[in-house]
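Trainee: Build me a model from this:
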Amino acid sequence: MQENKLTIPRTARYYTLGTPSPQIKQLWLVCHGYGQLARFFLRHFNVLNNGQTLLVAPEALSRFYLDGFSGRVGATWMTKEDRLAEIDDYVAYLDLLIKEQRKQLPADVRVTVLGFSQGAVTVSRWVAAGKARCHRLILWAGAFPEDVDFAAGREAFAHLPVTLVYGTQDALIKEDMLVRHQQVMAQLGITPAILSYEGGHTLHAETLLLLHKAENS
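Mentor: Next up is the predicted model:
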C-alpha cells in the first residue's frame with residue numbers, strides 16, 4: 001500500500017469583533033482550544049471590543065461531534081494522524097488570514113496573537129514557521145511545543161514579548177509543566193512573563209482587560 005497526497009483548496013471559517021477602519025490600533029488574532037468553535041470562543045473577548053481593537057478568531061479546519069454521531073460540534077487544529085500536513089495547512093491558513101486582515105488596517109497597527117489551550121501550541125508553531133510577524137504572543141492555559149523548529153524559531157521569537165497565562169485552579173496546568181515550558185523557551189532565548197488568576201481552564205475577563213491595557217500603555 002502506498003500513501004498519496006493531493007493539495008486542495010479549503011474553505012476556512014473565522015469570526016470577527018469590531019470593524020476594520022483607520023481608528024483600529026490593535027489587532028488580536030485569537031485561536032481556540034480543542035473541541036471549541038470560534039464563534040463561541042470569541043464571545044469571551046467582548047470586553048475588548050472598544051472601537052479601536054479588531055478581534056479575529058479563526059476556526060480550526062477539522063470538526064467533529066463532541067459526543068457520538070450528532071449534537072454539539074467542536075473543532076481541532078490537529079491530531080497525531082498526518083500531523084505534519086495538518087500543521088502546514090494551518091500555518092498557511094493563518095498566514096493568509098492575518099495578511100488579509102492587515103490590508104484593511106493602519107500600517108502601524110499592533111498585532112497580538114493569543115492561543116488558548118491547544119490553540120497555544122498552534123500559534124507557537126505558526127509564529128515559528130509562518131511568514132507573519134506579531135508584536136506580542138500570549139499563551140493561555142497551553143503548552144509550548146517541544147518539536148518547534150529551533151533554527152527558524154530563534155529568529156521568529158527574537159525580541160518578541162511572550163506571556164504565559166494560567167488559572168491557579170486549572171487541573172491541566174501543573175507546576176512541573178510550567179517549568180518545562182520555560183526550559184524549552186529558554187533554548188530559543190525566550191524569557192516569558194507569567195500571569196496567573198484565580199480560576200480554572202478558561203479565559204478570564206479581568207486578565208484579558210489587563211493584557212489589553214498593557215499594550216495600550
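Trainee: Could you use CA atoms for every contact and neighbour count after this?
Mentor: OK.
Trainee: and the helix or strand hosting residue 16, what does it pack onto?
Mentor: Under the criterion DSSP states H and E, the helix or strand holding residue 16 is strand 14-17. For strand 14-17, the elements it packs on are helix 38-41, strand 53-58, judged by 3 or more Cα pairs under 8 Å, 6 or more residues apart in numbering; DSSP states H and E.
Trainee: neighbouring contacts of the helix or strand following that strand?
Mentor: Per DSSP H and E, the first helix or strand lying C-terminal to strand 14-17 is strand 26-31. The set of residues that contact strand 26-31 without belonging to it, under Cα atoms under 8 Å, 6 or more residues apart in numbering, is 38, 42, 52-59, 98, 109-116, 119-120, 122-123.
Trainee: So which residues of the protein form strands?
Mentor: Across the chain, reading from the start of the chain, the strands by DSSP state E fall at 14-17, 26-31, 53-58, 62-65, 73-76, 110-116, 136-140, 162-167, 193-197.
Trainee: Pull the number of nearby residues for the nearest residue to residue 115 once chain neighbours are set aside.
Mentor: In this structure, residue 115 finds its nearest non-sequential neighbour in residue 31, 4.8 Å apart by Cα to Cα, 6 or more residues apart in numbering. Per other Cα atoms under 10 Å, the neighbour tally for residue 31 reads 31.
Trainee: again, but for residue 82
Mentor: When neighbours are defined as other Cα under 10 Å, residue 82 has 9 of them.
Trainee: I'd assumed residue 83 was in contact with residue 122.
Mentor: No: the pair residue 122 / residue 83 is not scored as a contact, 11.7 Å apart, by Cα atoms under 8 Å.
Trainee: So between these two, which is more surrounded?
Mentor: When neighbours are counted by other Cα under 10 Å, residue 122 and residue 83 differ, and residue 122 comes out ahead with 28 against 12.
Trainee: Model confidence at the more buried one, what's the number?
Mentor: Here, the pLDDT recorded for residue 122 equals 96.
Trainee: neighbouring contacts of the helix-or-strand element of the chain with minimal mean pLDDT?
Mentor: Of all the helices and strands that make up the chain, helix 150-156 has the lowest average by mean pLDDT, DSSP states H and E, namely a mean of 75. For helix 150-156, contacts defined as Cα under 8 Å, 6+ apart pick out 127-129, 133, 188-189.
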